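compute the structure for the input listed below.
(2 chains, ligands or ions: 1)
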Amino acid sequence: MEAVMSKGEVAYYPVGSLADFPLHLGKVVKLGSGGTEIAIFRLDERTLYALENRTGHQKGGPLAEGLVSGEYVYCPLRDCKISLVTGEVQLPDTGQVETFPLCLEGDVVLVGIEQNG
Amino acid sequence: MAGLHDTREKLILIGNGMAGVNAIEQVLKLAPDKYQITVIGKEPHPNYNRIQLSYLLEGSKTFEEIILNDYSWYEQHGITLLTGIKATHIDTESRRVQLSDGTSSDYDKLIIATGSNPFMLPIPGIHKEGIVSFRDLQDCERMTSAAREWKKAAVIGGGLLGLEAAKGLLKLGMEVTVVHLFPDLMERQLDPVASSMLQAELEAQGIRFLLNKKTTAIDGETRVDRLQFEDGSSLETDFLVMAVGILPEATLARDCGIETARGIIVDDFMQTSAPDVYAVGECNQHRGICYGLVAPLFEQGAVLAKHLCGLPVEPYQGTIVSTKLKISGVDVFSAGEFQDAPELDVIRMQDHWKKTYKKVLLRENRIVGCVLFGDMTDSAQLSKWVKVHEPMTQDIHEQLVGSKHIDDADPLSFVAAMPSDEIVCGCNGVTKGMIMHAITNNGLRTVDEIKSSTGASRSCGGCKPMVEQILTLALGDKYEGSHSAVESLCGCTTHSREDVIAAIRDKRLTYVREVMNVMGWQNPEGCTKCRPAINYYIGMVWPDAFQDEKDSRFVNERLHANIQKDGTYSVVPRMYGGVTTPEQLRKIADVADKFEVKMVKVTGGQRLDLLGVKKEDLPRVWEDLGMPSGYAYAKAIRTVKTCVGSTFCRFGTQDSLSMGILLEKKFERLWMPAKFKMAVNGCPRNCAEPAFKDFGIIGNDGGWEIYVGGNGGIKLRAADLLCKVKTDEELIELAGAFIQFYRETGKYGERTSEWVERLGLPAIVSEIVENKARREELMASIERALQGLYDPWGEVVESEELQHRLYEHIQMT
Ligand SMILES: Cc1cc2nc3c(=O)[nH]c(=O)nc-3n(C[C@H](O)[C@H](O)[C@H](O)COP(=O)(O)OP(=O)(O)OC[C@H]3O[C@@H](n4cnc5c(N)ncnc54)[C@H](O)[C@@H]3O)c2cc1C
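Residues are numbered from 1 along each chain as shown, chains lettered A, B, ... in the order given. Presented below is the predicted three-dimensional model:
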């Protein structure tokens, strides 16, 4: 996997073209085998968010299959509501889902991953 | 297995009532042949639904309709039933029960389920003629015959029972006065506010009340003619119903040395102090509590049955009860704690105009009780929360409080100031003047009348409150209001299900977002409650134009598989009627091996479930299986369970297998308000458990019996008999009409068990059994809906686009 650009500590990797990401649904991107899973949600033509594919709930479970409502996604297993923008789990539940920066270059979707060391 | 050589243990039940027979039913389910069972019942009837005596009294049901287990049920299960016979003594040493007919019976296990007796006030005159209690069929018959002969009735006791008796007598044409010792009606379930609302409502219906009245004597020669009260006043009456409370019937046990207090003392497994003697239902006392409602007895019966069958079982912990008054036009409900107390936090809402009241009580931020009046929207949810002591949250609060605020200002001033030609209903162009005209010139009195005459509020329903205000303006006190406060779809909108469906129909809305937009959703993107519901309603109204919106579906229905807690899926292929073949089994085995399925399990619905399939493997699993989807993940027609029927079984009288397969093939893939399960049995032995299905069919020699609204899930409910039919054609037509009627009138997520109770069985019967034209219309609608349905697995297997969009992930290396 090769980064095409980097900003500070964050390197951006191309994960697909816009056409790979269905509207109002989540798509799973797997980094390496058995590595982190990222869920990418596409809200409209050019608005996408990337979050760790794991609900904020301690019992876990995938997030990508949740129902998208505006800038939130409802976790498919326990119906908790998570902000796509901040990854924050909304009250009454609590928790935090890791978010990843994302940008577009033409039709290519790039996800930023922090480079540790 | 009966007869001389029966070596099975003898189980005797004393008390042929709801608790005892329910326990027996549960035993039979767990171990049909374990016991040789005898039931001893004092009443000369088979077991009936005591709760519904209130309906019997007011004439909305017949005795046949409230029978729970008819004589043939006892026969089929090989139970010896002795009716009209009382158990008079129990010898716990020699394990023998003495009966009122002079005979006796030995037992290995004994269940006492003698219920309660009505408490009769020990006051002078109590033994005069014309005084009855309200407990059994005989009491009911006495009341109906008194109503034919006499004019004035008094009911002592303003609790649930007294009020239902009063309403029944009122309907039978009597003048009814309820005399109550306390200042508040139903003071054991309601707080003073709800109580006074209830009183006002019942007064409006014609019942009179004398509160704070202690009855001290009953006057009359041989028959009651007057009640005397402590304060010196009195009341003339021809007839008296005593409904001041119940006492557990524990005398039989007490006399035989079994430990009793108020009731028969039992442990967490319903065991009394005597070996192998159990007590269940209202006659027992568990952890200090004697119950007076049915909910606990089902839970007690379940524990007892497992215990008797030697199965592992959690101890019974007690039940938090809820109460609902069964008087039409009056909705009151309470659960758990209901009185304010210093240590409780209270959320309280009262709407004097709509005549609704809602109170929720919290202890240390957990929901411990509630009282509802007028609007029952939240009753089910609240009773669940009360049961588990759900912690209060922002979301729950919003749901309870709703988003609308009631202004202090006079609500009528706004409509009063409105010019006559201003449009009230934007959907149908109806002005205030047109509505006023309909009220004053055509004498219309309700929103519904105005709706059908002018069209106002027919479509989106947004103007309904305004129409109500105009009615109030025009009619003043004569406007009776609509007490059936509407239930909104969810917190995103104030529109009800009916509004939404009307808008979808009238404005031809075919997209979820379109509906939310046109109807002005406050949360424009909707939520997990409303979006799947709207999606379903659109498909129901416009089967031809409907395009399933994947993004408004829950994951299971979007992916056509059942998500598991680890994010893998389960796959249940369709096996019509639960019949499979060696080829299918081979294929299933091969698929299980190839895709390293974690488990293959036989489901409760007689199908095979492949568990632990990865999402990206789903399309290939389906392709290899080559079988259609079993819809085990969906709010749709699930399975049709069958027994082998006359094909193999020596008891079978009907070909249940073929009928099950036929029904499953005919109705599969239909989306429903909630999951919908069927079963077809070839004889009344019920091996396929039709009594717990949404639509259960029992074959007998002359044709089929159809049962509806059964549920074997969280809330156990035995199905009600809808009707009997003679031919297969009639059966299929009734199935179609029933399914379609439920599809059209069910709320999204509402199971038939709840739906049947909401609509009432008689309404359903009159719509689909008695009304041929309507039945045919429903059948035509369902045929339309069935057209163009296809197997979703096949669709995915064929479509690379769908596989790519929904099932594949992106792999980075
Ligand atoms: C009019 C009415 C309305 C009600 N409405 C509701 C309601 O809305 N909701 C609710 O939850 N509950 C309601 N109840 C209460 C509910 O009916 C009872 O909780 C339930 O029936 C209790 O069941 P049980 O088996 O313990 O007693 P029962 O159903 O009373 O059964 C006991 C049976 O044992 C028989 N018996 C007694 N002694 C002997 C003996 N020595 N030998 C042989 N047989 C004996 C009795 O005759 C009776 O048939 C209502 C009750 C009435 C009367």
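
list the helices and strands the longest helix along chain B packs on?
Once chain B is assigned using DSSP state H, the helix that runs over the most residues is helix B:728-745. Packed against helix B:728-745, as judged by 3 or more C-beta pairs under 8 Å, 6 or more residues apart in numbering or on different chains; DSSP states H and E, are the following elements: helix B:656-667, strand B:676-681, strand B:695-700, strand B:703-708, strand B:720-725, helix B:752-759, helix B:772-786. For glycine as for every other residue, the C-beta is placed from the backbone atoms N, C-alpha and C.

what residues does chain B have near the ligand?
Listed as neighbours of the ligand in chain B under the rule C-beta under 6 Å from any ligand atom: B:14-20, B:40-43, B:50-51, B:53-54, B:86-87, B:113-115, B:134-135, B:161, B:164, B:249, B:252, B:281-283, B:292-295, B:297, B:326.

could you rerun that using 5 Å?
B:14-15, B:17-19, B:40, B:42-43, B:50-51, B:53-54, B:86-87, B:113-115, B:135, B:252, B:281-282, B:293-294 (C-beta under 5 Å from any ligand atom).

among the residues you listed, which are in helices?
Checked against DSSP H, the residues of chain B next to the ligand include these in helices: B:18-19, B:53-54, B:252.

what sits against the closest residue to chain A within the stretch 401-550 of chain B?
In the stretch 401-550 of chain B, the residue found nearest to chain A is residue B:525; the distance is 3.6 Å by C-beta to the nearest C-beta. With contacts taken as C-beta atoms under 8 Å, 6 or more residues apart in numbering or on different chains, residue B:525 has the following neighbours: A:69-70, A:72, B:516.

one more pass at 7 Å, please.
Applying C-beta atoms under 7 Å, 6 or more residues apart in numbering or on different chains, one finds that residue B:525 lies in contact with A:69-70.

next one: the one 4 residues further on
Going by C-beta under 7 Å, 6+ apart, residue B:529 touches B:489-490.

where's it relative to residue B:342, distance?
36 Å (C-beta to C-beta, to the nearest Å).

look at the residue of the stretch 501-650 of chain B found nearest the ligand and give its secondary structure.
For the stretch 501-650 of chain B, the nearest residue to the ligand under the criterion C-beta to the nearest ligand atom is residue B:604, separated by 27.8 Å. Judged by DSSP: H, G, I helix; E, B strand; the rest coil, the three-state class of residue B:604 is coil.

run a quick neighbour tally on it.
Taking other C-beta atoms under 10 Å in any protein chain shown as the criterion, the count of residues near residue B:604 is 12.

which pLDDT value goes with it?
Reading off the per-residue confidence, residue B:604 sits at a pLDDT of 90.

could you do the one 5 residues further on as well?
Model confidence at residue B:609, given as pLDDT, is 96.

bridged to it, which residues?
Per DSSP bridges, residues listed as beta-bridge partners of residue B:609: residue B:601.

wait, it sits on residue B:597?
No: with contact defined as C-beta atoms under 7 Å, residue B:609 does not count as touching residue B:597 (9.6 Å).

who's more crowded, the two?
Counted by other C-beta under 10 Å, residue B:609 and residue B:597 do not tie: residue B:597 has more neighbours, with 22 against 19.

what about the closest residue to the more buried one other than its chain neighbours, distance to chain A?
Nearest in space to residue B:597, with sequence neighbours left out and distances taken as C-beta to C-beta, 6 or more residues apart in numbering or on different chains, is residue B:610 at 4.7 Å. Separation of residue B:610 from chain A (C-beta to the nearest C-beta, to the nearest Å) stands at 19 Å.

I'd guessed residue B:610 sits against residue B:592; true?
Yes: counting by C-beta under 7 Å, residue B:610 sits close enough to residue B:592 to count as a contact (5.9 Å).

identify the contacts common to the two.
Contact with both residue B:610 and residue B:592 is made by residues residue B:600, according to C-beta under 7 Å, 6+ apart.

any idea which element the closest residue to chain B within chain A lies in?
Nearest residue of chain A to chain B, counting by C-beta to the nearest C-beta: residue A:92, 3.0 Å away. Using DSSP states H and E, residue A:92 maps to neither a helix nor a strand.
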